[in-house]
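Visitor: give the three-dimensional model of this entry:
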Amino acid sequence: MISFFNYLLILNVFMGAFSYLYASFDFCIGYIFIIVFLCAYILRYRNISVNPTFLALLLILAVSSFVNVCFGNDTFFYMSKQIIGISVTGIAYYLLFKINNFEFDKLFKIYLRVALVVAVIGIFQEFNWLIGFERGYDYSSLIPKWTFARTASGVLRVNSIFMEPSHFAITMSPAFFVALSNIFKSNSLRLKSKLSSAIIMISYVLTFSAIACVGIFISLWLILFTFKKFKHMLLVLGLMMVFIYASYWYVPGIQKRADSVVQLIDGSKKATDVHLSVHTVVSHAFVACKTFAMSPMFGHGLGSHPISYDRFIRSGISCGLWKEGITETNKADASSLLVRLVSETGLVGVIAVLFFIWKFRVKKSGNRELYIVNNAVFVLFILQLLKQGHYFYNGLFFFVWLYYVSGKVYREGELKDC
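Guide: All right, here's what the predicted structure looks like:
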């Protein structure tokens with residue numbers, strides 16, 4: 001039974017696109033998996049245990065959010081939706097680790113197995129695009145929130161069963177890190193073969209996603225410091241330089257975004273005239289700064305960013321951040337977890353998240369498996385902070401507890417209490 005729930009909840013990590021909008025609420029099929037698991041756990045063990053630090057932080061944010069609701073900065077619906085989602089998914093994944101005796105490597109290997117299947121689907125998708133078989137690459141009729149994406153040159157951007165390529169890039173980044181590590185060095189987390197590693201790496205590159213390029217760069221950078229011989233370090237450094245050059249000149253999305261940033265800095269273009277994704281990040285950052293200036297300690301409460309956006313974005317007309325008719329992209333999640341944290345939780349939330357990442361990071365370890373697992377999740381956290389602003393989308397708390405447990409083992413030498 002435990003093995004069944006291991007796969008069920010880890011499958012939820014990849015189920016974000018299987019979501020239906022009902023009465024302003026996105027109901028993901030994966031939520032059913034979590035509810036079934038929690039019911040089964042309560043019936044079996046007659047109790048629910050929660051990490052006290054997680055509970056304390058959630059309680060603080062819940063109280064501050066309620067205060068913001070009273071002041072009109074948030075709504076009860078927005079607040080409760082986030083608190084319920086965070087608490088239920090956070091507790092569920094914590095209990096998943098608990099019933100597995102916090103054997104993080106066991107659960108991570110299940111994630112890798114599922115990730116390999118998802119990568120194979122991605123390769124299959126690209127192949128069917130090349131031969132012109134639409135049913136083999138367009139899954140919009142099967143997956144509710146699946147979207148079709150192409151590069152400027154007309155090549156399909158792999159997203160497999162995910163909503164979009166960037167979601168694939170973020171959720172698959174730990175698997176990519178492991179695959180890349182296996183190419184350079186073998187370890188106990190190795191996939192079945194070098195072919196499996198290659199499949200994951202190829203599918204990742206075929207997303208042609210800017211955030212995937214960031215993931216590849218960070219992965220190469222982290223792997224660079226695992227080598228002791230200078231020639232190996234030089235090889236990885238050379239690959240990084242080639243990768244940066246190739247990304248700019250051969251991935252149109254990267255070039256357009258980089259050029260847009262330069263144009264914003266030198267003032268040759270307004271934010272509303274640059275690449276949409278750059279404008280989206282800048283406009284949400286502007287709103288977050290406005291919110292932070294008003295409430296630096298706790299922000300405007302969980303789920304409040306859409307309200308803050310409507311309140312402040314029009315004040316950005318003078319600096320070219322808004323104009324009539326412009327698309328309000330990713331207003332719900334601020335397009336970045338870091339930006340959303342600044343807007344909704346203020347210093348308390350931002351410091352808590354950054355401290356957590358710093359405290360439980362495995363910088364070096366004699367146990368290579370421990371280092372690989374922890375740093376694979378570290379890559380995902382960086383990408384999540386930059387791009388994806390949802391608090392519990394695609395099983396984020398699976399990775400939170402994975403990082404926490406592996407980091408605690410590293411700090412204490414053995415797992416005593418979580």
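
Visitor: what's the domain layout of the protein?
Guide: As given by automatic domain parsing, the domain ranges for the chain are 2-48+100-250+360-412, 256-345.

Visitor: kindly report which one of those carries the lowest mean pLDDT.
Guide: Note on these: lowest mean pLDDT is at domain 256-345, with a mean of 80.

Visitor: and V63, which of the domains of the chain is closest to it?
Guide: Comparing the domains of the chain by their distance to V63 (C-beta to C-beta), the top pick is domain 256-345, with 8.9 Å. Placement of C-beta: from N, CA and C, glycine included.

Visitor: can you get me the start-to-end distance on that closest one?
Guide: 32 Å (C-alpha to C-alpha, to the nearest Å).

Visitor: how about stretch 40-53?
Guide: Criterion C-alpha to C-alpha; first-to-last residue distance in stretch 40-53 is 25 Å.

Visitor: buried sites along that stretch?
Guide: 41, 51 (16 or more other C-beta atoms under 10 Å).

Visitor: surely L370 meets V409?
Guide: Yes: the pair L370 / V409 is scored as a contact, 6.4 Å apart, by C-beta atoms under 8 Å.

Visitor: give me the nearest residue to I110, chain neighbours excluded.
Guide: Nearest non-adjacent residue to I110, counting by C-beta to C-beta, 6 or more residues apart in numbering: I10, 5.1 Å away.

Visitor: so in the chain, which helix runs the longest?
Guide: Counting residues, the longest helix found in the chain (DSSP state H) is helix 104-131.

Visitor: and it, how far out from the chain's middle?
Guide: Centroid separation between helix 104-131 and its chain, computed with C-alpha atoms, centre = their mean, to the nearest Å, is 17 Å.

Visitor: what of stretch 131-139?
Guide: The answer for stretch 131-139 is 27 Å, by C-alpha atoms, centre = their mean.

Visitor: list the buried residues in the helix or strand hosting V377.
Guide: Using DSSP states H and E, V377 sits within helix 368-386. For helix 368-386, a neighbour-count test (16+ other C-beta under 10 Å) marks 369-386 as buried.

Visitor: got the angle for it vs helix 104-131?
Guide: Angle between the axes of helix 368-386 and helix 104-131 is 60 degrees (criterion: axes from the mean of the first three to the mean of the last three C-alpha atoms, to 10 degrees).

Visitor: ok, back up a step: counting contacts, what elements does the longest helix of the chain pack onto?
Guide: Under the contact definition 3 or more C-beta pairs under 8 Å, 6 or more residues apart in numbering; DSSP states H and E, helix 104-131 sits against helix 2-11, helix 76-99, helix 134-137, helix 173-184, helix 194-205, helix 368-386, helix 396-412.

Visitor: ok and that helix relative to helix 2-11, angle-wise?
Guide: Relative orientation of helix 104-131 versus helix 2-11 (the same axes, to 10 degrees): 50 degrees.

Visitor: A332 - that's part of a helix, no?
Guide: No: read with DSSP: H, G, I helix; E, B strand; the rest coil, A332 is coil and lies in no helix.

Visitor: let me know whether it touches S304 as I believe.
Guide: No: if you go by C-beta under 8 Å, A332 and S304 don't touch, sitting 10.9 Å apart.

Visitor: these two - which one has more neighbours?
Guide: Per other C-beta atoms under 10 Å, whichever of A332 and S304 has more neighbours is S304, with 26 against 15.

Visitor: and the residue lying closest to that one once chain neighbours are set aside, how many neighbours?
Guide: In space, S304 comes closest to D74 once its chain neighbours are excluded; the distance is 4.0 Å by C-beta to C-beta, 6+ apart. Residues lying near D74 (other C-beta under 10 Å) number 27.

Visitor: mind checking how far the host helix or strand of G349 is from the chain centre?
Guide: Per DSSP H and E, G349 falls inside helix 337-359. Relative to its chain's centre, helix 337-359 lies at 15 Å (C-alpha atoms, centre = their mean).

Visitor: could you check the angle it makes with helix 76-99?
Guide: 30 degrees.

Visitor: surely G316 and S283 touch.
Guide: Yes: G316 is within contact range of S283, at 6.7 Å (criterion: C-beta under 8 Å).

Visitor: which of the two has more neighbours?
Guide: The residue with more neighbours, out of G316 and S283, is S283; 27 against 18, by other C-beta under 10 Å.

Visitor: returning to that earlier point: and the residue nearest to I110, what does it touch?
Guide: By C-beta atoms under 8 Å, 6 or more residues apart in numbering, the contact set of I10 is 107, 110-111, 114, 395, 398.

Visitor: I42 contacts V36, correct?
Guide: No: I42 is beyond contact range of V36, at 11.1 Å (criterion: C-beta under 8 Å).

Visitor: quick one on the thing from earlier: okay, the angle between the longest helix of the chain and helix 173-184?
Guide: 90 degrees.

Visitor: can you give me the buried ones in helix 104-131?
Guide: So helix 104-131, judged by 16+ other C-beta under 10 Å, has buried residues 104-105, 107-112, 115-116, 118-119, 121-123, 125-126, 128-129.

Visitor: now do G72 against A332, distance only.
Guide: 19 Å (C-beta to C-beta, to the nearest Å).
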